[in-house]
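>>> Fold the following and give me the result.
(2 chains)
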Amino acid sequence: MEEHQEAGKEIKPSSTLVDLQGDSSLQVEISDAVSERDKVKFTVQTKSCLPHFAQTEFSVVRQHEEFIWLHDAYVENEEYAGLIIPPAPPRPDFEASREKLQKLGEGDSSITREEFAKMKQELEAEYLAIFKKTVAMHEVFLQRLAAHPTLRRDHNFFVFLEYGQDLSVRGKNRKELLGGFLRNIVKSADEALITGMSGLKEVDDFFEHERTFLLEYHTRIRDACLRADRVMCSHKCLADDYIPISAALSSLGTQEVNQLKTSFLKLAELFERLRKLEGRVASDEDLKLSDMLRYYMRDSQAAKDLLYRRLRALADYENANKALDRARTRNREVQPAESHQQLCCQRFERLSDSAKQELMDFKSRRVSSFRKNLIELAELELKHAKASTLLLRNTLVALKGEP
Amino acid sequence: MAAEREPPPLGDGKPTDFEELEDGEDLFTSTVSTLESSPSSPEPASLPAEDISANSNGPKPAEVVLDDDREDLFAEATEEVSLDSPEREPILSSEPSPAITPVTPTALIAPRIESKSMSAPVIFDRSREEIEEEANGDIFDIEIGVSDPEKVGDGMNAYMAYRVTTKTSLSMFSKSEFSVKRRFSDFLGLHSKLASKYLHVGYIVPPAPEKSIVGMTKVKVGKEDSSSTEFVEKRRAALERYLQRTVKHPILLQDPDLRQFLESSELPRAVNTQALSGAGILRMVNKAADAVNKMTIKMNESDAWFEEKQQQFENLDQQLRKLHASVEALVCHRKELSANTAAFAKSAAMLGNSEDHTALSRALSQLAEVEEKIDQLHQEQAFADFYMFSELLSDYIRLIAAVKGVFDHRMKCWQKWEDAQITLLKKRETEAKMTVANKPDKIQQAKNEIREWEAKVQQGERDFEQISKTIRKEVGRFEKERVKDFKTVIIKYLESLVQTQQQLIKYWEAFLPEAKAIA
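Numbering: from 1, shown residues only, chains lettered A, B, ... in the order given. This is a model prediction of the structure:
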């Protein structure tokens, strides 16, 4: 249950999402990232003593599309059909943040210089936070691959980690789009399979349970994730509201000539500090709750995909059985039908076995991650609430103490 | 303009007497019949005169309180003062009163003579010192509560009736605890009366809560939803604060209209407060005219204090408005946060139900419970944000408007004095012309007019000095109140924030072991 991060490195958000149980023979991390207008360039650093690699330590620069290429390569590989493919990282999206910064720049003359500076600071912090998150998402994707005994041995993975040049995946855009479209069609057929509408009979209780569980779980975690996002957003709005309040109190304080002067100024300071605390509450909720829910929403989708694949294999197996029966009755091409049926059977069983393991891993991964994050969330909330209380109490003492 | 120079009306039976006051002879008859109090103690009795001198026949009902001894004397008199009249125009005696110079209480010996325009039976004498003391809170003891909003009637004629409860140890009230039912227009009527009596002589009369056609219509129509309950609560709280501020004013507390409002079980309907009534429209027109006048009056300010203060209040107004807008945004967002937290709590509960790992499932359900409690917390905090912080600011924004109004009245007073001086000059010129033209009867007339206008000039100057003096005192009192008010509310508000944080600590501390229990 240990994270294999370098000692002394700051705990990145990725470490809270997945407890990686890999060994140290292959360590991958994103050591640097640069945002250039609409592109983010990640520096992927690998440390490995595996014989396959030419060096023990090396890095390459990758963009988001290359991560997607890698993910798709895994998905399309029949060998990994029985595994949960770690969910692809979401595309870096700075649109909203950039828009807000632009709007601020266009200027609202009614706000003071200090207010402007603070708001700019807030937006820049927001931008930075989004940036850190996207780095974390990309990193955890790679780290999960590196930790998985089967997936880590993939040739494409090695290429991704080692190949110094561009992987030329960007030219695939139209093809990707088409591929995506086809995938969606297949998906809806899968939905029919998985929801039992196709009449396919599930033979295994374990999978039957997993199917029902995952269907419901995925919907609900998606819901929870969306709503957690909204809570985080409101919290952020609230924190931002303290900026003009603090500024107005400050002006009031400077203008007053009586005892209210110090009161207002103290209050202005209080709201400034409260703002920072509220901001931290919001970002902690974001990291520990929203992000976790989001990750496991994607991971549960990946688990669902695995179930689809298995069910497809089952369907193939059943069809092969039927074909064999037909061949036998007609007594024609029995041999090929037999071998086909055997293949399907083997494939299905192989998938079932590995899927079982994968799903159990998924569960333990999920449980430990939730545990860790919920504990950390509670601890952080407590920390902030205690800090706020102290701050408020001190201000109250100061205010009451005045004549 | 004439209306402004009239003192507050004294009572129903009395208005006619006031017309006669101009003569100067009958002045005393009315007073004698009503103000039989005087003999007992020179001090209290001196007050009426003091009032006259101090306030140029302005708010004389103020600063007078009835001693226990004399309660009986006035018992009968009190009955007469059933203030059934609609908005009464304050009547100011335009005659120079013999003793109209600021006099100290001890100097007055013949209260009856001095107290000529003081006659309202319900004017109770009280020493100035006593009033000051009470203003400082030593003996000041009156508590007002507005509660139990109750819908009366149906449809568009329906209205909300509020219970106004007074608890007091002040002797001027017949009981120590009593309550009456009042409707919103009654409050507006009260304010209207007080404003007409006291604003133009420099007293800062607290403004009444604002009308809201939309809000009230919803209530009338009978929508029992949360927005109309919120509206009623908001109004109730505002009415309570309004009355509390009004009774804190030592002068206003003495006013018979206020007392009647608090005490009498039946109050005549204040019809002139309706927005679209004739009086309402007149008010709007007057306000517009005032605004125009304000712009054209160029006063030679001899007293820098006034200029300074006006600027200060202007700045304060601006800043408070800004702060108020920001706090309103805060209230809005906190309500949003509360709603979003509630929604999240529900989805966390659903997630907990789906979760097949038992311990995690339980922890998620606990999380859902915590979030639900937190949503309640946010809601309560939003109320505190609003009722303490936001409403304080909006109250003061309106109070400052009243303060500005009082400064404006001073300007008008000055203008009047100026005008009188100009007219006097003209009259003198006329006299000179008549003398040259040798028209004896016209000369006499001119001489009479000169005398008349000399008196008016003197009165104008006295009025101006009086209003300036009153304003200085009022502003001092207002500022003291403001400091106290803000400090109290700020402390209360911060305490509410502390309370919220402490509850958060409680909830999360209870949750932590649940999270740790996930195996």
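>>> Can you list the buried residues in stretch A:258-266?
Using 16 or more other CB atoms under 10 Å in any protein chain shown as the burial criterion, the residues of stretch A:258-266 that qualify are A:259-260, A:263-266. C-beta coordinates here come from the backbone N, C-alpha and C atoms, glycine included.
>>> List of residues touching it?
With contact meaning CB atoms under 8 Å, 6 or more residues apart in numbering or on different chains, stretch A:258-266 is reached by A:249-250, A:252-254, A:256, A:395, A:398-399, A:402-403, B:479, B:482-483, B:486-487, B:490.
>>> and the stretch 151-300 of chain A, which of its residues are near chain B?
A:209, A:213, A:216-217, A:220-221, A:223-224, A:226-228, A:230-231, A:233-235, A:237-238, A:241-242, A:244-245, A:248-249, A:251-252, A:255, A:257-260, A:263, A:267, A:270, A:274 (CB under 8 Å from any CB of the partner chain).
>>> The contacts of stretch A:258-266 in helices, which ones?
A:249-250, A:252-254, A:395, A:398-399, B:479, B:482-483, B:486-487, B:490 (DSSP state H).
>>> And the helices in the stretch 1-150 of chain A, which stretches?
Applying DSSP state H, counting those that start in this stretch to the stretch 1-150 of chain A gives helices spanning A:13-17, A:64-76, A:95-106, A:113-147.
>>> What would the third one look like as CSV? C-alpha coordinates only.
Presented in CSV, the C-alpha positions along helix A:95-106 are these (Å, rounded to 0.1, in the frame of the first residue of the first chain):
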residue,chain,number,x,y,z
GLU,A,95,-10.8,27.3,-21.2
ALA,A,96,-12.9,28.4,-18.2
SER,A,97,-9.9,29.6,-16.3
ARG,A,98,-8.5,31.5,-19.2
GLU,A,99,-11.9,33.2,-19.9
LYS,A,100,-12.1,34.4,-16.3
LEU,A,101,-8.6,35.8,-16.4
GLN,A,102,-9.5,37.6,-19.6
LYS,A,103,-12.7,39.0,-18.2
LEU,A,104,-10.8,40.3,-15.2
GLY,A,105,-8.2,41.8,-17.5
GLU,A,106,-10.9,43.6,-19.5
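>>> Which residues does it contact?
Contacts for helix A:95-106 (CB under 8 Å, 6+ apart): A:116, A:119-120, A:123-124, A:126-127, A:130.
>>> Could you rerun that using 6 Å?
Outside of helix A:95-106, the residues within contact range by CB atoms under 6 Å, 6 or more residues apart in numbering or on different chains are A:119, A:123, A:126-127, A:130.
>>> Let me know the average pLDDT across the strand or helix carrying B:Asn315.
For B:Asn315, the enclosing helix or strand under DSSP states H and E is helix B:304-354. Across helix B:304-354, pLDDT averages out at 94.
>>> tell me what that helix is packed against?
helix A:205-255, helix B:358-384, helix B:391-437 (3 or more CB pairs under 6 Å, 6 or more residues apart in numbering or on different chains; DSSP states H and E).
>>> excluding its backbone neighbours, what's nearest A:Glu381?
Nearest residue to A:Glu381, sequence neighbours excluded (CB to CB, 6 or more residues apart in numbering or on different chains): B:Trp508, at 4.7 Å.
>>> likewise B:Leu364?
Looking at B:Leu364 with CB to CB, 6+ apart, the closest residue is B:Gly352, at 3.2 Å.
>>> So the one you found sits against B:Leu360, correct?
No. Counting by CB atoms under 6 Å, B:Gly352 stays clear of B:Leu360, with 8.1 Å between them.
>>> Looking at those two, which is more packed in?
For B:Gly352 versus B:Leu360, neighbours defined as other CB atoms under 10 Å in any protein chain shown are more numerous around B:Leu360 (23 against 20).
>>> Could you tell me the angle between the helix or strand harbouring A:Thr389 and helix A:113-147?
For A:Thr389, the host element (DSSP H and E) is helix A:334-401. Compare the direction of helix A:334-401 with that of helix A:113-147 by axes from the mean of the first three to the mean of the last three CA atoms, to 10 degrees and you get 150 degrees.
>>> How far off centre is helix A:334-401?
Distance, stretch centre to chain centre, for helix A:334-401: 11 Å (CA atoms, centre = their mean, to the nearest Å).
>>> what inclination does it have with respect to helix B:358-384?
40 degrees.
>>> could you give me the average pLDDT of helix A:334-401?
For helix A:334-401, the per-residue pLDDT averages 93.
>>> can you give me the helices in the stretch 101-250 of chain B?
Counting by DSSP H, counting those that start in this stretch, the helices of the stretch 101-250 of chain B are B:111-114, B:128-135, B:184-198, B:213-221, B:226-248, B:250-253.
>>> CA atoms only for the third one - export them in CSV, please.
To tie it back to what came earlier, the one meant is helix B:184-198. Provided in CSV are the C-alpha atoms of helix B:184-198 (Å, rounded to 0.1, in the frame of the first residue of the first chain):
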residue,chain,number,x,y,z
PHE,B,184,-47.8,47.6,8.4
SER,B,185,-49.6,50.8,7.3
ASP,B,186,-49.9,51.7,11.0
PHE,B,187,-46.1,51.7,11.3
LEU,B,188,-45.8,53.9,8.1
GLY,B,189,-48.5,56.2,9.6
LEU,B,190,-46.5,56.5,12.8
HIS,B,191,-43.3,57.3,10.9
SER,B,192,-45.1,59.8,8.8
LYS,B,193,-46.4,61.7,11.8
LEU,B,194,-43.1,61.7,13.6
ALA,B,195,-41.3,62.8,10.4
SER,B,196,-43.7,65.6,9.9
LYS,B,197,-43.2,66.9,13.4
TYR,B,198,-39.5,66.4,14.0
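>>> most neighbours per residue, which of the helices of the stretch 1-150 of chain A?
Greatest average neighbour count among the helices of the stretch 1-150 of chain A goes to helix A:13-17 (a mean of 22), per mean count of other CB atoms under 10 Å in any protein chain shown.
>>> follow-up on the earlier one: just name the closest of the contacts of helix A:95-106 to chain B, please.
A:Met119 (12.8 Å; CB to the nearest CB).
>>> if I look at that closest one, how far off is A:Leu128?
A:Met119 sits 15 Å away from A:Leu128, going by CB to CB, to the nearest Å.
>>> again with B:Asp154
61 Å.
>>> Next: B:Glu355.
B:Glu355 is 34 Å from A:Leu128, where distance means CB to CB.
>>> Can you tell me the centre-most residue of chain A?
A:Tyr295 (3.8 Å; CA atoms, centre = their mean).
>>> and it, which of the three is it?
Following DSSP: H, G, I helix; E, B strand; the rest coil, we place A:Tyr295 in the helix state.
>>> Take the buried residues of stretch A:258-266 and write them to TSV, including secondary structure.
Listed next are these as TSV, based on three-state DSSP:
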residue	secondary structure
A:Gln259	coil
A:Leu260	helix
A:Ser263	helix
A:Phe264	helix
A:Leu265	helix
A:Lys266	helix
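>>> ok, so of these, who is nearest B:His378?
Nearest to B:His378 among the buried residues of stretch A:258-266, counting by CB to CB, is A:Lys266 at 24.9 Å.
>>> filter the residues of the stretch 151-300 of chain A next to chain B to the buried ones?
Using 16+ other CB under 10 Å as the burial test, these include A:213, A:216-217, A:220-221, A:223-224, A:226-228, A:230-231, A:233-235, A:237-238, A:241-242, A:244-245, A:248-249, A:251-252, A:259-260, A:263, A:267, A:270, A:274 as buried.
>>> before we move on, the earlier item: in CSV: the contacts of helix A:95-106, plus distance to chain B.
Conversion of the contacts of helix A:95-106 to CSV gives the following (distance: CB to the nearest CB, whole Å):
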residue, distance to chain B
A:Met119, 13
A:Leu123, 17
A:Glu126, 16
A:Tyr127, 21
A:Ile130, 20
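>>> can you pull the contacts of the residue nearest to B:Leu364?
B:Gly352 touches B:361, B:364-365, B:368, counting by CB under 6 Å, 6+ apart.
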